[in-house]
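Participant: how would this look folded up:
(chains A and B)
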Number of protein chains: 2
Amino acid sequence: MTTQAYIDQNKERYLEELFAMLRIPSVSTNKDHDQDTHDCAVLVQTYLVKAGLENVSLYPTKGHPIVYADKIIDPALPTVLVYGHYDVQPAAPLNEWKSEPFEPEIRKTEIHPDGAIFARGATDDKGQMFIHVKAVEALIQTDSLPCNVKFMIEGEEEVGSPSLYPFLQEYKDLVAADVIIVSDTSLLAKKAPSITVGLRGLTYLDVKITTARADMHSGLFGGAVLNPINTLCEMVAKLKNEKKHITIPGFYDDVVFPSDEERDMMRNAPFNAEEYMDSPGVYALDGEEGFHTYERTGILPTLDCNGIWGGFTEEGSKTIIPAVANAKISMRLVSKQDWHKATEQFTEHFTSLAPEGVKVEVTPHHGGNPYVTPTDSPEYKAASAAFEESFGVVPVPMYEGGSIPIIAEFKRVLGIETLLMGFGFDTDGLHSPNEHLGVWNFYKGIETIPGFYTKYAEMKKQA
Amino acid sequence: MTTQAYIDQNKERYLEELFAMLRIPSVSTNKDHDQDTHDCAVLVQTYLVKAGLENVSLYPTKGHPIVYADKIIDPALPTVLVYGHYDVQPAAPLNEWKSEPFEPEIRKTEIHPDGAIFARGATDDKGQMFIHVKAVEALIQTDSLPCNVKFMIEGEEEVGSPSLYPFLQEYKDLVAADVIIVSDTSLLAKKAPSITVGLRGLTYLDVKITTARADMHSGLFGGAVLNPINTLCEMVAKLKNEKKHITIPGFYDDVVFPSDEERDMMRNAPFNAEEYMDSPGVYALDGEEGFHTYERTGILPTLDCNGIWGGFTEEGSKTIIPAVANAKISMRLVSKQDWHKATEQFTEHFTSLAPEGVKVEVTPHHGGNPYVTPTDSPEYKAASAAFEESFGVVPVPMYEGGSIPIIAEFKRVLGIETLLMGFGFDTDGLHSPNEHLGVWNFYKGIETIPGFYTKYAEMKKQA
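Facilitator: From the prediction side, this is the model:
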């Protein structure tokens, strides 16, 4: 039987198995879901065994376990390491979901006329990770695997992969490979396939502004003391200028833009503003003056408040001057920016913006460095050829706005480059209510990946 | 028996009765406490009957009932109307209370060496309102009441007295009086008594900034869309200039400052910055450039965020660009400012600050106008004389920062001026955790008030 025939015969089962995984609320940011997250790791393990992989194990960590598996057909052949994650973002705000976030449901949409799977984690990253499990299953079960393969699936990606870093150090030999492949990014469009060659880094911080020990009566104290919310607003407002350029001194020092040629390719890639805006229903595009949306999300750093809270936030009114105001602030980083350096630059600058009589606390959460994939390697060429065969079009190399901080670490610690072959769309509601993955996209991924293995093994044989 | 002897004999019972009232969580801003608030009205009624008042009734309203009572000894004599409220602010944040907010406890403090009663509502306004109930009880029970007295105690002061406004219209004759007395303000200090002659008005609004239908992934959209939190911060920051002057066009048009002589009196009144700052543990004084703290809280308007929320505010991190950000914003108003006009001015200006692609919603909560008491009336002179007799010092006429919006309405609807004779201190933690009222202050109030009735009746007889 051909690999494609095996995939066709097992399509229904593939979907059912994915649904079972999507039903587990493996929210790694919330301790209440620790057991669920562990249960999900066990299910991934089960599926890897079923796929025909060997040495399938849960590696315990201080947090959630790392699922490892491999199939070494010949140590002399090249080895592909698949990385993915089984943890998901929180589902909140729940009232904005049309169906239950942890009860997958297929519904048709304009972009997904064949239906899309709606569930938290459908695209980020359970569905996309599962594409690899199922593609490799098809290769193994039809005796077509042309090289060695390893799986390394973690459960803490959404909290910054704290356990994977020490794991990489400890198990360098176990996970040694020639290339890492990951599906945790997006395709431009069905007829415009793309391979991601740039990922942004990230630094995520909590800031806390305190001006007093206790809340105050706004009549007795209003006008005569600093208000921490107004102060926080003023400090946040000063972090960008009128052109939306970030004002932190030295912040752009390590930002190197791609060549004009590459920027032209990016600006000329298909971009449907209406579609892009429609998915979150955003009212307007915005961003640093003089840049295209692809540049604003791909090659420029950002600074955004992800959350803010302070004072009285319940129904009704309470006439207080609060004592404390808080915000969560994150920055996406690009090219050669270093997240530790950016964190320090932010902390120093933000603290300097505080007027006298204000206590500023900055608590870094986690972070990671940006990553750029070389496009002149046999690995990239094999991926490009596999996409071309499957889609009928040469894929566009694209810079993406998201961050997978561990990718930069793979290069630093393991010395391995990563190929980012995503099959979802940016409009699939990642990290948002009604996250989904097109059924077409799910199967297209499973059908495209075997081609990469075949072409990569051939290219390496010729080399 | 003299009135003073009666007070001395009943001191313990007075305190026990106050404690019983403080144990009822009559939080009018929270519907879950509706029954408690009603129970508190019934207890006030009971105490008024016990004091010897007549026609004691609960007047039902759309919200919480108004407790009315009177003692008309001779229709030809002048009538004093006592106004107060039995509802309280929410107790949150609960973890900052040293004792239970609704289980009163006496503890000594530096300013209150004789002990202070710690409980939500101890000073605002249950304790201070009760001073009048007990002072009048002492006058009636010792056959010393020299004029007529009426009580009008409401349960919605902390939500802007929505039911009292129609009540005043409907029961104009019932509550007709020559002067209204209220204890819901503060004394400067034990040895520096003061009578409040100015109250600020208020307008309190909810603002909501929406930039999209749903939250967005900060990687995919960060840098290319408006962030509602950053936008809200920028808009709030623009509401004041570097000198902390409010930038709303026309906002100061109706602000008339008192004479230089009055401002000098205010600036020369005893002010202990350390003590003022110590109660809420505020780190620094601040406010509009070129004004004294008493001026900043007494004769200047304010603009403060009372609360702010939006995006992800739980533990950990979530990398979203939120769709919505909210704030509660209030302004204290002074002299001739009108709260409806100020609300319109704010709404127009705030909306104009929004960039394109932002939906701004401004929802006014409630408000009230400022009030100034004339100091050349027999009413004020009687109050001043009573304070002088009790404290041994002429009281200072002071402008206070708080708002009791209904006071301006008393003048407008009933045509009656109000005397604001408070007995607590500004440092008593009103609207804050660990609210308290000095035991000394409680008794001093009960001992001072009978003197006002006596002197007022005498002055009116002579007139």
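
Participant: From here on, just use CA atoms for contacts and neighbour counts.
Facilitator: OK.

Participant: all strands for the stretch 351-463 of chain A, in order.
Facilitator: With strands called from DSSP state E, counting those that start in this stretch, the stretch 351-463 of chain A shows them at A:359-368, A:371-372, A:396-399, A:418-420, A:424-425, A:436-438.

Participant: typo on my end, it should be the stretch 101-250 of chain A
Facilitator: So, for the stretch 101-250 of chain A - with DSSP E, counting those that start in this stretch - the strands run A:105-107, A:116-118, A:148-154, A:179-182, A:186-187, A:194-199, A:201-210, A:216-217.

Participant: among those strands, which is nearest chain B?
Facilitator: Smallest distance to chain B across these (Cα to the nearest Cα): 5.3 Å, for strand A:216-217.

Participant: ranges for the helices of the stretch 201-350 of chain A?
Facilitator: With helices called from DSSP state H, counting those that start in this stretch, the stretch 201-350 of chain A shows them at A:218-221, A:228-237, A:260-268, A:273-278, A:293-298, A:339-352.

Participant: pLDDT score for the spatially closest residue to residue A:212 that is not a sequence neighbour?
Facilitator: Using Cα to Cα, 6 or more residues apart in numbering or on different chains and skipping residues adjacent in sequence, the residue nearest residue A:212 is residue B:282, 3.8 Å away. You'll see residue B:282 listed with a pLDDT of 94.

Participant: again, but for residue A:244
Facilitator: Reported pLDDT for residue A:244: 95.

Participant: Contact partners for it?
Facilitator: When contacts are counted by Cα atoms under 8 Å, 6 or more residues apart in numbering or on different chains, residue A:244 touches A:287-289.

Participant: just to revisit the earlier point, same list, the strands of the stretch 101-250 of chain A, but as CSV with mean neighbour count please.
Facilitator: Formatted as CSV, the strands of the stretch 101-250 of chain A follow (neighbours: other Cα atoms under 10 Å in any protein chain shown):
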stretch, mean neighbour count
strand A:105-107, 16
strand A:116-118, 27
strand A:148-154, 23
strand A:179-182, 22
strand A:186-187, 23
strand A:194-199, 26
strand A:201-210, 25
strand A:216-217, 24
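
Participant: quick one, phi psi at the residue nearest to residue A:213 when sequence neighbours are not counted?
Facilitator: Once flanking residues are discounted, residue A:213 sits nearest to residue B:281: 4.6 Å by Cα to Cα, 6+ apart. For residue B:281, the backbone dihedrals (degrees, to the nearest 10) come out as phi 60, psi 40.

Participant: from what I can see residue A:329 touches residue A:343, true?
Facilitator: No. Proximity of residue A:329 to residue A:343 does not meet the contact threshold set by Cα atoms under 8 Å, at 10.7 Å.

Participant: and the lowest-mean-pLDDT helix or strand in chain A, which residues are buried?
Facilitator: Counting by mean pLDDT, DSSP states H and E, chain A has its least confident helix or strand at helix A:260-268, which shows a mean of 83. By neighbour count on 16 or more other Cα atoms under 10 Å in any protein chain shown, the buried set for helix A:260-268 is A:263, A:266.

Participant: Which other helices and strands does it contact?
Facilitator: helix A:293-298 (3 or more Cα pairs under 8 Å, 6 or more residues apart in numbering or on different chains; DSSP states H and E).

Participant: Could you name the helices and strands sitting against the helix it packs on?
Facilitator: helix A:260-268, strand A:396-399, helix B:218-221.

Participant: So which bits of the biggest helix by length in chain A are buried?
Facilitator: Using DSSP state H, we find that the single longest helix of chain A is helix A:439-462. Residues of helix A:439-462 classed as buried under the neighbour-count rule (16+ other Cα under 10 Å) are A:439-457.

Participant: How about residue A:220, nearest residue that isn't a chain neighbour?
Facilitator: Per Cα to Cα, 6+ apart, closest to residue A:220 is residue B:401, 4.9 Å.

Participant: Close to chain B: what parts of the stretch 101-250 of chain A are there?
Facilitator: A:158-159, A:200, A:204, A:211-227, A:229-230, A:232-234, A:236-237 (Cα under 8 Å from any Cα of the partner chain).

Participant: are any of those residues buried, and which?
Facilitator: If we count by 16+ other Cα under 10 Å, those have these buried: A:158-159, A:200, A:204, A:211-227, A:229-230, A:232-234, A:236-237.

Participant: still on that earlier bit, may I see the strands of the stretch 351-463 of chain A organised as TSV, with mean neighbour count and distance to residue B:267 added?
Facilitator: As requested, the strands of the stretch 351-463 of chain A are arranged in TSV below (neighbours: other Cα atoms under 10 Å in any protein chain shown; distance: least, Cα to Cα, whole Å):
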stretch	mean neighbour count	distance to residue B:267
strand A:359-368	19	29
strand A:371-372	24	62
strand A:396-399	22	63
strand A:418-420	24	69
strand A:424-425	26	66
strand A:436-438	29	65
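
Participant: need the least confident one among the ones you listed, by mean pLDDT.
Facilitator: strand A:396-399 (a mean of 89).

Participant: so what strands line up beside that one?
Facilitator: strand A:194-199 (parallel) (DSSP bridges).

Participant: what about the strand it pairs with, average pLDDT?
Facilitator: The model assigns strand A:194-199 a mean pLDDT of 93.

Participant: can you list contacts of it?
Facilitator: A:185-188, A:298, A:334, A:370-375, A:384, A:395-404, A:419-422.

Participant: Check stretch A:126-143 too.
Facilitator: Counting by Cα under 8 Å, 6+ apart, A:1-4, A:6-7, A:14, A:18, A:21-22, A:47-48, A:50-53, A:82-87, A:121-122, A:145, A:182-184, A:422-424, A:437, A:442-443, A:445-447, A:449-450 sit against stretch A:126-143.

Participant: how does it look with 7 Å?
Facilitator: With contacts defined as Cα atoms under 7 Å, 6 or more residues apart in numbering or on different chains, stretch A:126-143 is touched by A:1-3, A:6-7, A:18, A:48, A:51-52, A:84-86, A:121, A:145, A:183-184, A:423, A:442, A:445-447, A:449-450.

Participant: same question, stretch A:39-59
Facilitator: Residues contacting stretch A:39-59 (Cα under 7 Å, 6+ apart): A:21, A:24, A:26, A:65-71, A:86, A:133-134, A:137, A:140.

Participant: how many neighbours does residue A:346 have?
Facilitator: 24 (other Cα atoms under 10 Å in any protein chain shown).

Participant: contacting residues around the residue nearest to it when sequence neighbours are not counted?
Facilitator: Leaving aside its sequence neighbours, residue A:346 sits nearest to residue A:248 (Cα to Cα, 6+ apart; 6.4 Å). By Cα under 7 Å, 6+ apart, residue A:248 lies in contact with A:239, A:345-346, A:349.

Participant: Could you pull up phi and psi at residue A:248?
Facilitator: phi -60, psi 120.

Participant: cool, and the one 5 residues further on?
Facilitator: Reported as degrees, to the nearest 10, the phi and psi values for residue A:253 are phi -60, psi -40.

Participant: can you count the residues close to the residue nearest to residue A:212?
Facilitator: 23.

Participant: so it touches residue A:213, yeah?
Facilitator: Yes. Contact criterion Cα atoms under 7 Å: residue B:282 and residue A:213 qualify, at 6.2 Å.

Participant: What's the end-to-end length of stretch A:346-360?
Facilitator: 12 Å (Cα to Cα, to the nearest Å).

Participant: Surely residue A:62 is within a strand?
Facilitator: No. Secondary structure of residue A:62 (DSSP: H, G, I helix; E, B strand; the rest coil): coil, not part of a strand.

Participant: mind listing what it touches?
Facilitator: Counted by Cα under 7 Å, 6+ apart, residue A:62 has contacts residue A:163.

Participant: ditto for residue A:300
Facilitator: Counted by Cα under 7 Å, 6+ apart, residue A:300 has contacts residue A:334.

Participant: quick one: pLDDT of it?
Facilitator: For residue A:300, the model assigns a pLDDT of 96.

Participant: measure it to residue A:271 for me?
Facilitator: 18 Å.

Participant: Could you list the low-pLDDT ranges of the stretch 201-350 of chain A?
Facilitator: For the stretch 201-350 of chain A, no stretch has pLDDT under 70.
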